[in-house]
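A.B. asks: generate coordinates for the sequence data below:
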Amino acid sequence: MPKFFGREPAVILAFVAALVKLGAAFGLNLSADQQAGVNAVAAAAVGVGVAYIVHDGLSAAVLGFLQAAVALAVGFGLHWSADQQAVVMTVAAALVAMWTRAQVTAPVPAAPAPVRAAADVSGV
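C.D. replies: Below you'll find the model as predicted:
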């Protein structure tokens, strides 16, 4: 892992949460729900970073980050219906699946095609 993350991604999340609270204390007008949303997006972003670094579960992390970002946007006033949110997440899932398909190699080779018996041409 890079030195930035070290062994403690939770420290980064605690720092972001502290910054949000500091901002709220000094005039950043955020509701409790909006603060929670900012912290959720930060958690999702750290999750994506860790998944990328350790090469484990990147697709799930990306979709989780997008879901958190949409929730945050709605919390800050984006007027999307549940149907619109679902369509965005569906398209995102399809894009991630297409990207994953291009990146993944099967651990075993494909089975050989069955060999057909030659046709009897003797006329008997």
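A.B. asks: figure out the helix or strand that the residue nearest the centre of the chain lives in.
C.D. replies: With distances taken as Cα atoms, centre = their mean, Val62 lies nearest the centre of the chain, 1.4 Å away. With secondary structure defined by DSSP states H and E, Val62 is part of helix 58-75.
A.B. asks: pLDDT on that helix, on average?
C.D. replies: Helix 58-75 comes out with an average pLDDT of 82.
A.B. asks: nearest residue to Leu30 in space, ignoring adjacent ones along the chain?
C.D. replies: Ala24 (5.4 Å; Cβ to Cβ, 6 or more residues apart in numbering). Where you see a C-beta, it was placed from the backbone N, CA and C, and this is true even at glycine.
A.B. asks: next: Lys21.
C.D. replies: Gln35 (7.4 Å).
A.B. asks: tell me where the model's unsure across this structure.
C.D. replies: Counting by pLDDT under 70, the chain shows low-confidence ranges at 1-10, 55-56, 103-104, 106-107, 117-124.
A.B. asks: so where do the helices sit in it?
C.D. replies: The residue ranges that make up the helices of the chain, judged by DSSP state H, are 9-25, 32-54, 58-75, 82-103.
A.B. asks: who wins for proximity to Ala113 among these?
C.D. replies: Nearest to Ala113, of all the helices of the chain, is helix 82-103, at 22.0 Å by Cβ to Cβ.
A.B. asks: which neighbouring elements make contact with the closest one?
C.D. replies: When contacts are defined as 3 or more Cβ pairs under 8 Å, 6 or more residues apart in numbering; DSSP states H and E, helix 82-103 packs onto helix 58-75.
A.B. asks: and the helix it packs on, how far out from the chain middle?
C.D. replies: With Cα atoms, centre = their mean, to the nearest Å as the basis, helix 58-75 stands 7 Å off its chain's centre.
A.B. asks: list the buried residues of that helix.
C.D. replies: If you call a residue buried by 16 or more other Cβ atoms under 10 Å, then helix 58-75 has these buried ones: 58, 61-68, 70-72, 74-75.
A.B. asks: that's all I had, so thanks and see you.
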